[in-house]
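Engineer: let's see this in three dimensions:
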Amino acid sequence: MTWKDVIHYTVKGNPKPDRVVVKTEAEWQSLLTESQYKITRLKGTERPNSGDLCHIYEAGKYACVCCDTPLFDSSQKFDSGSGWPSFTTPIKDNAIKYERDDSFGMVRVEVMCNTCEGHLGHVFPDGPEPTGLRFCINSESMKLITNDN
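Structural biologist: Numbering: from 1, shown residues only. From the prediction side, this is the model:
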């Protein structure tokens, strides 16, 4: 996965997900906490360094809080200093959906769960090698699944 791949997906369309999860807004509200709903379904953002997963680096997989789809592996997590959990690449190319986001007077690439379209955060081309990517993800949009779970 490279920045060129990300831009390709935003222009030409996203990879097909392994499955699709669709629920009504009422169903999402009943399944998620208020803050999870605000972030994943209403495209909100948590304050920097406020998320429970910001400074956790134990082994496991990060899954979508809405639909349990595996999104990122802990081996790809790094401390970006941004205040949000950051990853260099998704667990699978088709786990993430990419869309151009020109809100707030800037151009960014929004990332969502490709299974349920829950908002996760954004991806930037300023991450470490080998991908050069920084997937900047809201803690509230994910849950950490460890071998203990």
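Engineer: which strands and helices sit next to the top helix by length along the chain?
Structural biologist: Longest helix in the chain by number of residues (criterion: DSSP state H): helix 3-12. In terms of contacts (3 or more Cβ pairs under 8 Å, 6 or more residues apart in numbering; DSSP states H and E), helix 3-12 is packed against strand 96-101, strand 108-113. The C-beta positions use only the backbone N, C-alpha and C, and glycine is treated the same way.
Engineer: how long is stretch 115-125 end to end?
Structural biologist: One end of stretch 115-125 sits 24 Å from the other (Cα to Cα, to the nearest Å).
Engineer: what's the spacing between it and its chain's center?
Structural biologist: 4 Å (Cα atoms, centre = their mean, to the nearest Å).
Engineer: start at 24 instead
Structural biologist: I'll keep to 24 as the first residue from here, and by that count the last item is stretch 138-148.
Engineer: could you list the buried residues of it?
Structural biologist: Using 16 or more other Cβ atoms under 10 Å as the test for burial, stretch 138-148 gives 138, 139, 140, 141, 142, 143, 144, 145, 146, 147.
Engineer: cool, stretch 156-172 as well?
Structural biologist: Counting neighbours by 16+ other Cβ under 10 Å, stretch 156-172 gives 156, 157, 158, 159, 160, 161, 162, 163, 164, 165, 166, 167 as buried.
Engineer: ditto for stretch 40-48
Structural biologist: Within stretch 40-48, the residues that count as buried by 16+ other Cβ under 10 Å are residue 40.
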